[in-house]
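what shape does this take:
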Amino acid sequence: MADVAERAGVSTSTVSRTLRGLSTVSPEIRARVEQAARELDFAISRRAASLVTGKTGTVAVLVCTLNSWFMGSALSALGPMLRAADLELNLYVVPDMAERAAFFERLPARRNADALLVFSFDLTEEETSRLDDLGMPVIYVSQHVDGRPSVYVDDVAGALSGTRHLLNLGHRRIAFLQAVGDSGFSFSSSERLLGYQQALTEAGIPLDEDLVVTTPFPDKHGTARALGQLLSLREPPTAVFAEHDEAAVATIRALRAAQIGVPEQMSVLGFDDHPVADLFDLSTVAQSPSDIGRTAGELALRLINDSDADHAQHIVLPSHVIPRATTAPLLQPQSRGQEQTGSP
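Take a look at the predicted model:
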């Protein structure tokens, strides 16, 4: 730093203020210091700077997997906006319950980040309390936690709209397919199930537990078994609402293997608007993981830089139904008969 100061003709304190991005440095001085730093290949040590500022210049992210379209899209939007703010991204990946327990025991993000983003975890009260003790903003992403900053899509409203779409097409026997992971984490959303149930209730349709089935994810054979349960009912469904698009695509494949036409004999609706939805022309309830990641990063910046900001605010992002080729109006029995006989 002394070498940079000598070359730029300023004090070391001015170099420090410049490279920390403080606004008290004039544009002309800033340009001289930055030029000198480039010529000397000098980069300020974040660890040393943190002793002065009390900030690490790092945002930590806790995820259970990186092998996910949702996570990849969210992080792809989050990373560039953090870099633009001169912040680094530090990932903690805990793919199983053993590593999850180790993370909450050690809390490695403590003193190593200015904020922590927690993606899609169904936390226990004890785990939430542990995060409260970190002494930094903790933002819950794609989930909401009472009294803590959260960024999420309203899954209840999304599933409500999706189920209404099927109801408006004339379907009354609508199944709900939940996908459950096998790594100790739940990838299903009880709130999507709740939205489905609310839509049926407001339409005056009694809830039928037999129409709600679960399948291991990812497991195409499990989807086929779940579908077999539905097709074996005395009154099978005429539509299936899968809680995410990958389960919906597995459902379509299983139906086609059973020679059941989609949407002629069974409508299928997904949730997410995953890239496979467009590929399969799948009707779905769309959310934007990119918007979720970007918004979570913006909230983290506000909480880092403004100690008076609301640390309990919830930001709810929209979802919307995209009707494509896998949902269609329910054909009544007489209509099918007319089609077979050629009646007008």
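
just give me the neighbour total for Ile304.
Neighbour count of Ile304, defined by other CB atoms under 10 Å: 19. Quick note: C-beta positions are derived from backbone N, CA and C, even for glycine.

mind telling me what element it is part of?
For Ile304, the enclosing helix or strand under DSSP states H and E is helix 289-305.

next one: Gly270
Element membership for Gly270, per DSSP H and E: strand 267-272.

sheet partners, orientation included, of that strand?
Looking at strand 267-272 with DSSP bridges, its partner strands are strand 239-242 (parallel), strand 283-286 (parallel).

can I get whichever strand or helix holds Leu62 in CSV, CA atoms only?
Per DSSP H and E: Leu62 is located in strand 58-63. Taking C-alpha atoms only, strand 58-63 is exported to CSV below (Å, rounded to 0.1, in the frame of the first residue of the first chain):
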residue,chain,number,x,y,z
THR,A,58,-18.5,-11.8,1.5
VAL,A,59,-22.0,-13.1,1.3
ALA,A,60,-22.5,-16.7,2.3
VAL,A,61,-25.1,-19.0,0.7
LEU,A,62,-26.4,-22.2,2.3
VAL,A,63,-27.8,-24.8,-0.1
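
let the chain start at 41 from now.
With 41 as the first residue, the last one maps to strand 98-103.

can you name the residues in contact with the strand holding Gly310?
Residues outside strand 307-312 that contact it (CB atoms under 8 Å, 6 or more residues apart in numbering): 109-110, 198-199, 202, 205-206, 209, 211, 232, 278-285, 287-289, 291-292, 295, 302, 317, 322-327, 366-368, 370.

check which residues of the next helix or strand after it are buried.
Remark: after strand 307-312, the chain's next helix or strand is helix 315-319, criterion DSSP H and E. Within helix 315-319, the residues scored as buried using 16 or more other CB atoms under 10 Å are 316-317.

show me what helix 315-319 is packed against.
Packing partners of helix 315-319 (3 or more CB pairs under 8 Å, 6 or more residues apart in numbering; DSSP states H and E): helix 285-297.

quick one: distance of the helix it packs on to the chain centre.
For helix 285-297, the separation from the chain centroid amounts to 22 Å (computed by CA atoms, centre = their mean, to the nearest Å).

next one: stretch 231-247
Taking CA atoms, centre = their mean, one finds the center of stretch 231-247 at 23 Å from the center of the full chain.

in three-state terms, label Ala349 for me.
coil (DSSP: H, G, I helix; E, B strand; the rest coil).

isn't it up against Arg342?
Yes - using CB atoms under 8 Å, Ala349 is in contact with Arg342, at 5.0 Å.

neighbour count winner among the two?
Just comparing Ala349 and Arg342: by other CB under 10 Å the higher neighbour count belongs to Arg342, 17 against 14.

residue contacts, that one?
Here Arg342 is in contact with Ala349 (CB under 8 Å, 6+ apart).

before we move on, what about Gln183?
Going by CB under 8 Å, 6+ apart, Gln183 touches 158, 160-162, 190, 192.

one more time with 7 Å, if that's ok
Contact analysis of Gln183 by CB atoms under 7 Å, 6 or more residues apart in numbering lists 160-161, 190, 192.

residues in contact with the closest residue to Gln353 other than its chain neighbours?
Excluding its sequence neighbours, the residue lying closest to Gln353 (CB to CB, 6 or more residues apart in numbering) is Pro189, at 5.7 Å. Applying CB under 7 Å, 6+ apart to Pro189 gives the contacts 177, 179-180, 339, 343, 351-353.
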